[in-house]
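> Turn this into a structure:
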Amino acid sequence: MAKDKTSTPIGAIIKEIDAIHLSHLNNGAHYQFIKNVHENISAETELLTDTRIKAAADKLGEALKKEDDCYARSKKSFVTDEIVAADALRDKYFQGMRKTVKGLLNHPDAETALAAQHIEQYIKDHRVDSDMQLERETGAITNLIGDCETKGLADVNKLNIKPYVDALKAANTKVDTLLMGRNRERVGIEAGALRVARQASDDAYLWLVKLVNALALTGDQSKFSAFIDLMNVVVKRYKEQVIPSQKKKDDPTDPKKPKDPKLPKQSKQPKEPKPQKPGKDDGKPDIHLPEEEEPKKPGGDSGAGKKPDGGGGAGGGSGTGGAGDNGNPDIHLPEEG
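Purely as a prediction, here's the structure:
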């Protein structure tokens, strides 16, 4: 970006017009800036005696006029005011008609109340709203008028609201005609005309700045000093007050702000295996070893330690009775698995 002062090889300080990013200005601010510059240079009668500066100023004036024309046409059509007035009149007639119909809904005459219900239903069906977008409202009222003039004509005559219907139709037709005229007017506007006009203004302005800076450097510096100072005041004001400030986002590649080092990931401790619950199916065969039984002591349950009955009768202990009574120990060996 150019500075407002430049040092020459011999040490002299030369003023120059500071730079500004015109692309950062919105359409309105851009037009106003070019207009301010043109007014300033047009007031410099002494500078305009130089044919080169006069030609540059004239070129800027032509570009400004073209930009003004494109900017105005992009902002407002010549028939916009007429459309607004016609729409307001249309809304007035519609509101009057609707209030009249609503007031007749409770009419003591049953036929009149029924006719009011029919017209009220037509209004609801077409969803007419005074705050609708213009083309949508025009279409909705057109359809409503069509119902009132055909299937609802008897109801309209019963309610004596035909003057409202006729007035609403005329106002709606006028809005439609004006809208179509504005559309035809906009067809003549070249696509991107304002953008092209802005670029032409930029080119004319930059040429004027280069010319003034060059002549100030090579000619009589005092001749250009006042104009350069004035221009730098304008440029500074637009840069500080008009061009929106853009805060820099944190740049991860900025060497002034090194990234925080990432901490090493902590190794996870291996989890201890959970003990297998008894009886849970772990895929292994369910094997149960037989428990060892201690051999019974001799005479444990067979009367060991008891003295044999005296006598050797047939019923004595030496008989051939049951095996459990033979005095031998009762021993069971475990079966092999």
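
> Contact partners for L134?
By CB atoms under 8 Å, 6 or more residues apart in numbering, the contact list for L134 reads 83, 87, 175, 179. The C-beta positions use only the backbone N, C-alpha and C, and glycine is treated the same way.

> Quick check: phi and psi on it?
phi -50, psi -50 (degrees, to the nearest 10).

> For it, give me the pLDDT.
L134 is assigned a pLDDT of 85 by the prediction.

> And the pLDDT at the residue lying closest to A193 once chain neighbours are set aside?
Leaving aside its sequence neighbours, A193 sits nearest to C70 (CB to CB, 6 or more residues apart in numbering; 4.7 Å). We have a pLDDT of 83 for C70.

> Looking at the contacts of L134, which one is closest to L230?
Nearest to L230, judged by CB to CB, of those is I83 at 42.6 Å.

> Ranking by neighbours, what's the top pick from the contacts of L134?
Among the contacts of L134, the one with the most neighbours (other CB atoms under 10 Å) is V175, at 24 neighbours.

> which helices and strands does whichever helix or strand that residue is part of pack with?
Assigning secondary structure by DSSP states H and E places V175 in helix 162-187. Judged by 3 or more CB pairs under 8 Å, 6 or more residues apart in numbering; DSSP states H and E, helix 162-187 is in contact with helix 80-104, helix 134-149.

> quick one: secondary structure of D18?
Here D18 is recorded as coil under DSSP: H, G, I helix; E, B strand; the rest coil.

> And it, how close does it get to V242?
Look at D18 and V242: by CB to CB, to the nearest Å, they are 14 Å apart.

> of the two, who's got more company?
D18 (19 against 16).

> Would you list the phi and psi of that one?
Dihedral angles (degrees, to the nearest 10) for D18: phi -70, psi 160.

> I figured it hits R237, correct?
No - here D18 does not reach R237: they are 11.4 Å apart, not a contact under CB atoms under 8 Å.

> which secondary structure elements does the helix or strand containing A115 contact?
For A115, the host element (DSSP H and E) is helix 110-126. Counting contacts by 3+ CB pairs under 8 Å, 6+ apart, helix 110-126 packs against helix 80-104, helix 134-149, helix 153-159.

> So if we follow the domain assignment, how does the chain break up?
5-76+201-242, 80-187 (automatic domain parsing).

> wait, which of the ones you listed is closest to L194?
domain 5-76+201-242 (4.3 Å).

> Quick one: low-confidence residue ranges for the stretch 51-200 of the chain.
Under the criterion pLDDT under 70, the flagged ranges of the stretch 51-200 of the chain are 73-78, 185-191.

> ok, back up a step: could you check the angle helix 134-149 makes with the helix holding A115?
Helix 110-126 runs at 150 degrees relative to helix 134-149, counting by axes from the mean of the first three to the mean of the last three CA atoms, to 10 degrees.

> got the contact list for helix 110-126?
Helix 110-126 has contacts (CB under 8 Å, 6+ apart) with 98, 101-102, 104-107, 140-141, 143-144, 147-148, 152, 154-156, 158-159, 161.
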